[in-house]
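> this one's sequence-less:
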Ligand SMILES: Cc1ncc(COP(=O)(O)O)c(C=O)c1O
């Protein structure tokens, strides 16, 4: 059966070998603990579940939703942006619901890229920033995140030829997979850069509510001039433990929002009205559960940082996201380290190379497992660590 070339162009799934090994171990009765995927283990807050239950009993929510979204949802997003970020949004023209941040990121590629265009994507980065352009018959141009610059790209190092073709630029802080928060002045530089090169900036703020040690993440849209050059993809998945609900919004530049909307009306039929009403409750109701989640993740993060320090990997604790990004021991690649940790400790960590070539040499631990399981996983990793660390290959 002949598949489209675009399917062939998508990168092979880098977790495939790891998944095969996990299945093998599980079939042999091994208790595998996964610190791989970033899927919150705690339930959605009760007030949101209640709002969903009420909404789903109302037959008024059972018909096709409108792709523009319910006023309650668009106004809730605008009100959250005002109180949380100090950003003014017109709910009529600057907000639309999305069926999760992933859908929104992907469809922005289709809405803004023609064949031969390019999209600038962070490396390492969330995989749809590179898969999306390929599916749109365009080219992802990798922007290496530079640890010395605080895991931001060196904008001056982006090749001129690529910039001439670039239409989109994906940025994401707090950052998956590195856990970095945005350094002072970076968003301002991005706005100036986007103006100079005619780019639409897509800031993915999936982790803005999950921050630690008193750090509060800003919205990109709060940067002077950002509304002229950018949109923000705001997902409720991580902040409110709603990954299964598929609830997000696009906010920002009205022309870009309109283009996304036009495309979307031809692709899907909108976000279930009941989910929109539950999302509105998440954004406008009590926020204590978000604060509780931050406290839980901060505790888990400290457990991980402590365990890594014990085996000789000293790291600054990340101030955002639900991930710890750490270098693999000398002599290992990301993949060989992840495989050995699985073989010897029955623990899954994500190989950094799954997030782009510049992620090679790192691994990612997700904090989304219960404390006792995390402690068990770290204990096993500590015990097997000496076997895992190899002599450097000369
Ligand atoms: C940076 C980033 N953006 C978006 C998403 C996906 O969000 P959603 O569940 O809303 O599709 C993730 C999920 O891991 C992510 O890490």
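Yep, it's here. A quick note: this is a predicted structure, and the numbers were derived from the prediction, not measured. Numbering: from 1, shown residues only.
> interface residues of the stretch 151-300 of the chain facing the ligand?
172, 176, 204, 206, 235, 237, 243, 248 (C-beta under 6 Å from any ligand atom). The way it works is simple: take the backbone N, C-alpha and C, and place the C-beta from them, glycine included.
> using JSON lines, lay out those residues together with neighbour count.
Shown next, in JSON lines, are these (neighbours: other C-beta atoms under 10 Å):
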{"residue": "172", "neighbour count": "27"}
{"residue": "176", "neighbour count": "26"}
{"residue": "204", "neighbour count": "29"}
{"residue": "206", "neighbour count": "26"}
{"residue": "235", "neighbour count": "26"}
{"residue": "237", "neighbour count": "21"}
{"residue": "243", "neighbour count": "18"}
{"residue": "248", "neighbour count": "28"}
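> show me which pair in these is furthest apart.
Spanning the widest gap among those are 172 and 243, at 16.6 Å by C-beta to C-beta.
> hey, where'd the helices end up in the chain?
Using DSSP state H, the helices of the chain run over residues 5-9, 16-27, 46-56, 71-80, 101-112, 128-135, 160-165, 186-197, 226-229, 254-265, 273-284, 288-310, 334-345, 371-388.
> a markdown table for those helices, including distance to residue 122, mean neighbour count and mean pLDDT?
A markdown table is the format used below for the helices of the chain (distance: least, C-beta to C-beta, whole Å; neighbours: other C-beta atoms under 10 Å; pLDDT from 0 to 100):
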| stretch | distance to residue 122 | mean neighbour count | mean pLDDT |
| --- | --- | --- | --- |
| helix 5-9 | 20 | 10 | 83 |
| helix 16-27 | 22 | 13 | 82 |
| helix 46-56 | 30 | 17 | 98 |
| helix 71-80 | 25 | 20 | 98 |
| helix 101-112 | 12 | 23 | 97 |
| helix 128-135 | 6 | 23 | 94 |
| helix 160-165 | 14 | 12 | 95 |
| helix 186-197 | 12 | 17 | 98 |
| helix 226-229 | 17 | 20 | 98 |
| helix 254-265 | 19 | 17 | 97 |
| helix 273-284 | 27 | 24 | 98 |
| helix 288-310 | 22 | 16 | 96 |
| helix 334-345 | 17 | 20 | 91 |
| helix 371-388 | 27 | 16 | 86 |
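> dump those into CSV; add distance to residue 34 as well.
Formatted as CSV, these follow (distance: least, C-beta to C-beta, whole Å):
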stretch, distance to residue 34
helix 5-9, 28
helix 16-27, 7
helix 46-56, 25
helix 71-80, 32
helix 101-112, 20
helix 128-135, 21
helix 160-165, 36
helix 186-197, 32
helix 226-229, 37
helix 254-265, 33
helix 273-284, 26
helix 288-310, 14
helix 334-345, 10
helix 371-388, 9
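> what residues sit buried inside stretch 176-186?
176-182, 186 (16 or more other C-beta atoms under 10 Å).
> whichever residue of the stretch 251-394 of the chain sits closest to the ligand: neighbour count?
For the stretch 251-394 of the chain and the ligand, the shortest gap (C-beta to the nearest ligand atom) falls at residue 321, measuring 7.9 Å. Using other C-beta atoms under 10 Å, residue 321 is surrounded by 31 other residues.
> contacting residues for it?
38, 174-176, 179, 207, 210 (C-beta atoms under 8 Å, 6 or more residues apart in numbering).
> residue 375 against residue 304, yeah?
No - in this structure residue 375 lies outside contact range of residue 304 using C-beta atoms under 8 Å: 10.0 Å.
> show me which residues of the stretch 1-150 of the chain sit near the ligand.
Counting by C-beta under 6 Å from any ligand atom, the stretch 1-150 of the chain sits next to the ligand at 38, 100-102, 126.
> before we move on, the earlier item: wait, which of the contacts of residue 321 is closest to residue 135?
Within the contacts of residue 321, proximity to residue 135 (C-beta to C-beta) peaks at residue 176, which comes in at 20.1 Å.
> next up, the contacts around that closest one.
Residue 176 touches 38, 125-126, 206-207, 321, 323, 355, counting by C-beta under 8 Å, 6+ apart.
> then residue 45?
The neighbours of residue 45, taking C-beta under 8 Å, 6+ apart as the test, are 240-241, 282, 285, 289.
> what's the farthest-apart pair in those residues?
Within those, 241 and 285 form the most distant pair, 13.9 Å apart (C-beta to C-beta).
> more neighbours: which of these two?
Ranked by neighbour count (other C-beta under 10 Å), residue 241 and residue 285 place residue 241 first, with 22 against 18.
> tally of neighbours for the nearest residue to the more buried one once chain neighbours are set aside?
Sequence neighbours aside, residue 40 is the residue nearest to residue 241 in space, at 4.3 Å (criterion: C-beta to C-beta, 6 or more residues apart in numbering). Counted by other C-beta under 10 Å, the residues lying close to residue 40 total 23.
> quick revisit: mind listing which of the contacts of residue 321 are in strands?
Judged by DSSP state E, those include no members of strands.
> okay, those in TSV with pLDDT next?
Formatted as TSV, the contacts of residue 321 follow (pLDDT from 0 to 100):
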residue	pLDDT
38	89
174	98
175	98
176	97
179	98
207	98
210	98
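> which one among the residues you listed gets closest to the ligand?
residue 176 (3.7 Å).
> in the protein, where's the longest strand?
Max-length strand for the chain by DSSP E is strand 139-146.
> check what pLDDT residue 314 gets.
According to the prediction, residue 314 has pLDDT 89.
> settle this for me: residue 329 is touching residue 338, isn't it.
No - Residue 329 lies out of contact with residue 338 (C-beta under 8 Å); the separation is 12.0 Å.
> about what we covered before: ok, which pair from the buried residues of stretch 176-186 is furthest apart?
177 and 186 (17.8 Å).
> in contact with residue 192, which residues?
Contacts here follow C-beta under 8 Å, 6+ apart; on that basis residue 192 touches residue 225.
> and residue 123, by the same measure?
Residues counted as contacts of residue 123 (C-beta under 8 Å, 6+ apart) are 142-145, 355-359.
> ok, those vs residue 310, which is closest?
residue 359 (24.1 Å).
> so what would you say the end-to-end distance of stretch 100-119 is?
Start to finish, the residues bounding stretch 100-119 are 21 Å apart (C-alpha to C-alpha, to the nearest Å).
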